[in-house]
Every structure is written in C-alpha cells, then in structure tokens.
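coordinates only, sequence not included:
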Ligand code: WQD
C-alpha cells in the first residue's frame, strides 16, 4: 500500500518543513511546491536527516496554473496542505497588493487546480490575525473577523472563499488552522527557523542575542496592562503546529465541509516571561532594553484552544520551556542556519523517488514545474 502523497505548498519554510516531518512520521509522502523566495531548499535535506525521506521539491509558484496542473498530474496527490503565502504584517501594510495577489489569488489558483484534478481535501494555513487586536482572550473560533492589517484581511478573505466553496460543493473537506505564535524547532536541533535578515519575531531575535549574533533585545513596550507590562502572546511549539496539520488532514478526509480551528496552547506568556524561559533553557543572559511600543501590536491575546481538541483531538503538548530548549538547540548547532553543514550521516539517506510518474524534471529531489 503506497503512502498517500500530500502536496505541501510552501513546504520548504519554517512551518512547512516541520509539517513535512510530521506528515512523513504519520505515513504520508510530501511533495513540496515552493518558490524559495522566503525559504531554503536545504530544509528538506534536514527533513531527510530526521525522517530518512527527502520530499521532492518542485520549484514553482502557487499562482501558476500550468505548474499546478503538472504537479497534480505527475504526483497523484491525495490532499493539499497550503502554507505558501506572504506573512509579515508590516510588509503587508507597505505592499498590500502583493499580499492580495499571493495569498488570495494564489489560493484561488490552487483550489481551481485542485478541482480540475479532482483533489478536494485541503488544510489551509490561516492566522490568529483574522481576529484583530481587540477581541477579549481567550479567543474562540466563533469570534468575528476583525483583521486590522492587509495580511490578516487576506487570511480572512481566503477563509470566506473556502467557506463559500464548501457550501457550494459538498465534495470538499477543508480545515482552516488559525496559528497563534508558532516558535521553537524540531527536537533534533537539525531543523528550525532562520529568517532572512534581522528577525521581526521575538523568538528568533532572542535566540540570536543568546548566540551573540545580536547585541540586545529591544522590548517593544513595557507599559501595557499585562502581568509585567510587556506584550502577551500564545506561543505554540512548531512541532505541535505541524502535528495539528496531520490531525486536521485526517479530519478533512473524513468530514466534508469546512472547519476553522485555533492552534494555540490556550495560555499567554509575556515577553519577559519568554526571555526568562530562554535564559533557563540556554544558560545565557539575554541583554535587553525597553523601547517604545511597536505600532499595530496588540497588548495581549491567546487562544481558546478547545475547538481543535473537540473537532480532531489535537492539543499542544509541549510547554514554553521545551519551545525555548528546542529553539536554542537549533540556534547553537546551526549559528548560520542552513549554511552550516548537515551531519555527515545525512548524505546517504534514501530520497523519495516517486515511481508512479516520470519526474517533472531530471534530478530527483529537485524539479521545476
Ligand atoms: C511577539 C511579542 C512584540 C520582537 C507575528 C505576526 C503574526 C503571526 C505571528 C503569522 C510582541 C514582542 C517582538 C522584538 C519584542 N504570524 N517583541 N521585541 O507580532 O505577535 O505576531 O507572528 O501568522 O501575523 O504578526 O509576533 O514575535 O513579532 O511579537 O518585544 O524584537 O514580542 O511586541 O508583544 P506577533 P512577534
């Protein structure tokens, strides 16, 4: 019985590569479509180090209908995990049209290609930013859309498109996963987050301060009405998020219709609490100074995490200390990210050869749609 092939758009990224690990562990074979604009193909070699299987990488754009049709024809795809998209809030304010083009038009092109191929199981990477910055926490899935930036609005619009699609055609099974704050790294230390340039997000910035690559963390405001004045978020381990995709995929395969589900722990942590946890995990002191509030930041929000448990038996299992320990292990072992060599034993691992079809291009492991 051959393992079902799952198309993972954006699968070479931070969430995507960890999701490939979870998919392979659950008996699926990922086929990755990625432009590599915001990701690194070497993340998939690290997936191979961890799992023994290197997903095929098809370098292509989710907006390209021809590329999509070729992938569906070549790889006998059973379902899709759609992670490809632009995700920086600040950038979306400066360049909204690109965000609507990639995130919204890209998803429209994808679901049209899926329909042509008769593939109607979809897990969509959504975001807690659809709730905006004024919902009382814990935030449940029933809270109204109130996005306050173009990025969040693209996610809310895609969810609405998918809900209309599921209503119009009962053959579709769709799960929209609203990520809160994914952080951490695979426990092996082989895979993790490596933003291009200075990190916008808290955890990679702290990790680089701990490693001596950044001088000091600037805390964006310490005068919020929170436990210690600093911003509070619901941090969730990236491997919990990855495993949430597998559970949601199984749910979508069993249940037609659409489901929105929060992926969070249901607990908030302040910036200073994250710093303390990271100092405990790394044994390093994190130099910091208090700066002004960051425009657009909400003071505090965290998930009502019961929905995913009730719908498909998922809940976060890893706590903040493990998120920090795993993040530090990745940072310490890979100070230059994927530029650091993978461990020696990685080279001899088998690659995922899809013998059901001729590869789109010549080299296994890499193909261009
Ligand atoms: C967390 C807290 C900052 C950096 C972002 C995206 C969101 C989602 C998750 C995709 C806040 C504080 C941060 C720093 C700091 N991504 N901070 N100094 O803003 O909650 O959400 O990632 O869905 O779309 O907006 O995450 O990590 O940037 O900030 O004090 O150098 O850390 O003020 O309170 P955020 P973040």
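All right, it came through fine. What you see is a predicted model, and the numbers here were worked out from it, not measured in a lab. Numbering: from 1, shown residues only.

and the residue nearest to residue 299 when sequence neighbours are not counted, how close does it get to residue 237?
Of all residues not flanking residue 299 in the chain, residue 224 sits nearest, at 4.0 Å (Cβ to Cβ, 6 or more residues apart in numbering). For the C-beta atoms, the positions are set from N, CA and C on the backbone; glycine is no exception. Distance, residue 224 to residue 237, by Cβ to Cβ, to the nearest Å: 25 Å.

for residue 332, same thing?
Look at residue 332 and residue 237: by Cβ to Cβ, they are 18 Å apart.

quick one on the thing from earlier: mind listing what the residue nearest to residue 299 touches?
Neighbouring residues of residue 224 by Cβ atoms under 8 Å, 6 or more residues apart in numbering: 230-232, 293, 299-300.

with neighbour numbers in mind, choose between residue 332 and residue 237.
The neighbour count for residue 332 versus residue 237, taken as other Cβ atoms under 10 Å, is higher for residue 237 (25 against 14).

list the contacts of the closest residue to the more buried one other than its chain neighbours.
Once flanking residues are discounted, residue 237 sits nearest to residue 318: 3.8 Å by Cβ to Cβ, 6+ apart. By Cβ under 8 Å, 6+ apart, the contact list for residue 318 reads 184, 237, 239-240, 326.

for the ligand, see how far away residue 318 is.
17 Å (Cβ to the nearest ligand atom, to the nearest Å).

quickly find the element holding that residue.
Residue 318 belongs to no helix or strand when elements are defined using DSSP states H and E.

distance of residue 188 relative to residue 55?
17 Å.

higher neighbour count, these two?
More neighbours sit around residue 55 than around the other of residue 188 and residue 55, counting by other Cβ under 10 Å; the figures are 30 against 16.

how many residues are close by the spatially closest residue to that one that is not a sequence neighbour?
Spatial nearest neighbour of residue 55, chain neighbours left out: residue 30 (4.1 Å); criterion: Cβ to Cβ, 6+ apart. Residue 30 has 28 neighbours, counted by other Cβ under 10 Å.

near the ligand, which residues of the stretch 251-369 of the chain show up?
Counting by Cβ under 6 Å from any ligand atom, the residues of the stretch 251-369 of the chain close to the ligand are 271, 294, 297.

who touches residue 227 in this structure?
By Cβ under 8 Å, 6+ apart, residue 227 lies in contact with 270, 273.

mind doing that once more with 7 Å?
By Cβ atoms under 7 Å, 6 or more residues apart in numbering, residue 227 lies in contact with residue 270.

mind checking how far it is from residue 268?
For residue 227, the distance to residue 268 equals 8 Å [Cβ to Cβ].

what of residue 207?
Applying Cβ to Cβ to residue 207 and residue 268 gives a distance of 21 Å.

the two: which has the busier surroundings?
Taking neighbours as other Cβ under 10 Å, residue 207 and residue 268 compare with residue 207 leading, 29 against 22.

and residue 58, that one's in a strand?
Yes. Assessed by DSSP: H, G, I helix; E, B strand; the rest coil, residue 58 belongs to a strand.

count the neighbours of it for me.
Using other Cβ under 10 Å, residue 58 has 25 other residues around it.
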